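# Structure here, sequence nowhere to be found:
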């Protein structure tokens with residue numbers, strides 16, 4: 001009996017206790033909310049450089065007379081209780097929500113944009129859906145225009161298209177009879193005058209520009225009607241080089257048509273039945289099935305002939321220079337508008 005008991009004690013003493021299992025979710029780096037918050041700034045310049053936000057949520061609150069630059073891609077952002085500030089917001093996958101702010105200039109790109117209880121904001125925007133204002137007044141909206149070397153990559157990481165911009169299609173959730181709570185800014189020179197660039201060495205070194213000529217987002221006029229002007233809708237079908245083709249097309253068109261303007265740009269997925277309705281035939285059913293199309297509504301003297309010539313080398317479609325073409329333009333943007341809410 002004594003020998004048996006001794007053997008059991010020796011086995012117990014020889015056992016090595018195994019450490020607890022470590023799972024991948026236990027090894028995640030802890031996020032410090034302070035790294036993703038700017039609060040209580042007074043007459044200061046502050047921000048984040050590429051790689052410092054990296055798709056996290058961000059908060060800006062209770063800032064006055066300050067310049068803020070978030071030069072990275074972001075998940076969602078809220079801006080609360082700020083006044084007399086200029087704020088640059090890098091590509092944001094989800095929502096930008098601005099509340100209780102006044103006398104600010106905001107430049108941003110996002111999936112959704114909303115304001116509540118705001119007054120006298122200038123917003124230069126790229127928005128994939130319809131911007132919404134609520135209980136807000138004296139709002140001005142313009143087209144996003146910006147460049148820094150990593151910006152195109154940040155758009156990709158945020159899953160935003162530079163060609164799908166609904167900046168001027170604003171919905172006022174609380175309209176007031178006899179008053180207009182928002183208006184549009186259609187001069188690309190307005191943003192450089194309203195938005196000072198970074199001065200601190202760290203932020204300035206990123207190379208931010210807000211000039212139209214260098215912007216990665218095409219400058220569009222937005223909502224004003226195009227009827228009565230020479231117009232052409234150009235459709236670039238999906239392939240691996242589609243975005244480059246669209247950018248090259250716009251640059252070439254502007255060099256050929258002195259008064260060229262891009263009224264709208266959209267990137268949307270079309271079903272075969274939608275292609276038949278828009279193009280009034282089945283010729284392009286196979287092409288739209290390959291992926292999203294990029295559409296550019298171009299205006300200017302001689303723009304239709306110039307678009308037709310350029311599109312021939314790119315395999316793009318240009319609406320006819322006739323009443324049929326105008327109906328196709330209306331039909332496409334009616335479909336694009338509906339697709340935003342789906």
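Cool, got the structure. None of these values were measured; they are calculated from a predicted model.

# On the three-state scheme, residue 265 is what?
Assigned with DSSP: H, G, I helix; E, B strand; the rest coil, residue 265 falls in the strand class.

# Then the one 10 residues further on?
At residue 275, secondary structure determined by three-state DSSP is helix.

# count of neighbours near it?
Residues near residue 275, counting by other CB atoms under 10 Å, number 23. (Each C-beta comes from the backbone N, C-alpha and C, glycine too.)

# how about it, what does it touch?
By CB atoms under 8 Å, 6 or more residues apart in numbering, the residues touching residue 275 are 282, 284, 285, 287, 288.

# And residue 316, how far from residue 292?
According to CB to CB, to the nearest Å, residue 316 stands 14 Å off from residue 292.

# got the contact list for residue 181?
Taking CB under 8 Å, 6+ apart, one finds 133, 136, 137, 138, 139, 172, 174, 175 in contact with residue 181.

# quick one: it from residue 208, how far?
As defined by CB to CB, residue 181 lies at a distance of 30 Å from residue 208.

# now swap in residue 162 and tell me
16 Å.

# any low-confidence regions in this protein?
Applying pLDDT under 70 to the chain flags the ranges 1-29, 224, 340-342.

# Specify the residue ranges that define each domain of it.
Domain segmentation of the chain under automatic domain parsing yields 33-214, 231-340.

# Now tabulate those in JSON lines and tack on distance to residue 223.
Shown next, in JSON lines, are those (distance: least, CB to CB, whole Å):
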{"stretch": "domain 33-214", "distance to residue 223": "4"}
{"stretch": "domain 231-340", "distance to residue 223": "9"}
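
# Please, where are all the helices along the chain?
Taking DSSP state H as the criterion, the chain contains helices spanning 2-14, 151-157, 190-194, 201-204, 242-256, 272-279, 285-288, 303-314, 323-340.

# and the longest strand for the protein?
The residue-count maximum for a strand in the chain (DSSP state E) belongs to strand 86-99.

# Pull out the buried positions in it.
86-93, 95-99 (16 or more other CB atoms under 10 Å).

# Let me have the residues you listed in TSV, extended by distance to residue 76.
Listed next are the buried residues of strand 86-99 as TSV, based on distance: CB to CB, whole Å:
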residue	distance to residue 76
86	21
87	15
88	16
89	11
90	12
91	12
92	7
93	7
95	5
96	8
97	8
98	12
99	13
